[in-house]
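Chemist: what's the 3D shape of this:
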Amino acid sequence: MRFFAPDKSDKRIEYACKFLEEKGIEESLFESDSDFVLLGVNPDKKYLDTTLPVFAGNVSKPNVTDYTKNEQFAVKNAYLTAEGTISLMIKESDFSLINSNILILGYGRIGKALHKYLNTFTKNITICARSEEARCCAFLNGAESIDFSKLNNLIKFDYIINTVPHPVLNKKELSSVSKSALIIDLASFPGGIDIHYSKAYELNTIVARGLPAQYSPMAAGNVVGETVLNLITEVIA
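Modeler: Just a heads-up that it's a prediction; the model follows:
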């Protein structure tokens, strides 16, 4: 079996190609003698114009298998995202993580991964989640848990990390954030933080998407390759 990777601007794909070749799937220089096309996340649309099966990220199209929707990919990518987030927290803030007060918005895969990693540095972690089940899970994992109606006084938090992909920190909530805090929005577009008000209040806010590609492209590329390898038999007869 052979594959074609026309665009390696997403560095993960470079490593994914190496991973697949190590597993006996040969990379071809030409689409015409390939069995499938391998692309990165949010690829240029011109590469999707093919009759071959395509593996890509964050693409909805009949001939495309979106590997980011795969549970194996999502879980492993969440931990790489958490690792990159901690790197940002250390680099972009004047605080130490040790004994810091941290608010995590959302308790999905990324929220849980962040909680697990950050718990090493501090026990002062608050999880904000909509579902009672998620709040109960966070509490049992050692965090304080609140729902979104309680986001009315955020002055105590040194770090606020959002994973919710719709608006949760707006004018009212942001007005109570300390100017020394670091806010990181990990959520997919449009994100969960009103950037207009964040700037107006001069808050230290970072929109951080695609962290695995930036901070751990080899590991992230191997996750892409492994996921594609597992999906091939389902897609290609």
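Chemist: hey, where'd the strands end up in this structure?
Modeler: Residue ranges of the strands in the chain, as given by DSSP state E, are 2-4, 26-28, 36-41, 54-57, 64-66, 102-105, 125-128, 144-146, 159-162, 182-185, 204-207.
Chemist: contact partners of the first one?
Modeler: Residues from elsewhere that reach strand 2-4, judged by C-beta atoms under 8 Å, 6 or more residues apart in numbering: 17, 20, 25-31, 33-38, 52. Glycine gets a C-beta too; all of them are placed from N, C-alpha and C.
Chemist: just how off-centre is it within its chain?
Modeler: How far strand 2-4 lies from its chain's middle: 27 Å, per C-alpha atoms, centre = their mean, to the nearest Å.
Chemist: list the buried residues for that strand?
Modeler: 3, 4 (16 or more other C-beta atoms under 10 Å).
Chemist: next: the last one.
Modeler: Using 16+ other C-beta under 10 Å as the test for burial, strand 204-207 gives 204, 205, 206.
Chemist: check which helices and strands it sits against.
Modeler: helix 71-92, strand 182-185, helix 195-200 (3 or more C-beta pairs under 8 Å, 6 or more residues apart in numbering; DSSP states H and E).
Chemist: what's the neighbour count on residue 156?
Modeler: By other C-beta atoms under 10 Å, 13 other residues sit near residue 156.
Chemist: tell me the contacts of the residue nearest the centre of the chain?
Modeler: In the chain, the C-alpha nearest the mean C-alpha coordinate belongs to residue 81, at 4.9 Å (C-alpha atoms, centre = their mean). Residue 81 makes contact with 110, 113, 186, 211, 212, according to C-beta under 8 Å, 6+ apart.
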